[in-house]
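Student: any chance you can model this:
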Amino acid sequence: MNIREIHHVQLAMPAGEEDRATVFYEGVLGLSRTSKPAHLESRGGCWFHTDAVKIHLGIDPQFRAAAKAHPALLVDDLKQFIVTLDAAGVPWRRDEPLEGYDRIYVDDPFGNRIELLQEL
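Tutor: Predicted structure coming up:
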């Protein structure tokens, strides 16, 4: 019995903010928005993916941003992500160094923290 991989990460979001989520996750981070299964559409929220990453945003009526807990996304060109974030007016910040990686943190439109890191 072994865990093989993470299937997806779910983050919470406020109701009715799917367009803002799409601007950030698709437009800035480059994840593709994908349709949810029909029986889950009525719940709201939205799903995004690449071949390697799946992020689901689910509606939480008592939404509170995940300011500490976060997904860490391994990227191939952190400098280009920084250029894209700057162009979109999305603030980012550095944290303590992590051996073997260059990394930054960014918040999605709802305040959920996301780590972007590149192997050195």
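
Student: which strands and helices sit next to the helix or strand harbouring Leu116?
Tutor: Taking DSSP states H and E as the definition, Leu116 sits inside strand 113-119. If contacts are counted by 3 or more C-beta pairs under 8 Å, 6 or more residues apart in numbering; DSSP states H and E, strand 113-119 sits against strand 72-74, helix 78-87, strand 101-107. Every C-beta, even on glycine, is put in place using the N, C-alpha and C of the backbone.

Student: can I get those in CSV including mean neighbour count and mean pLDDT?
Tutor: Output for those, formatted as CSV (neighbours: other C-beta atoms under 10 Å; pLDDT from 0 to 100):
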stretch, mean neighbour count, mean pLDDT
strand 72-74, 16, 96
helix 78-87, 14, 97
strand 101-107, 17, 97
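
Student: what about the helices in this protein?
Tutor: Using DSSP state H, the helices of the chain run over residues 18-22, 38-41, 78-87.
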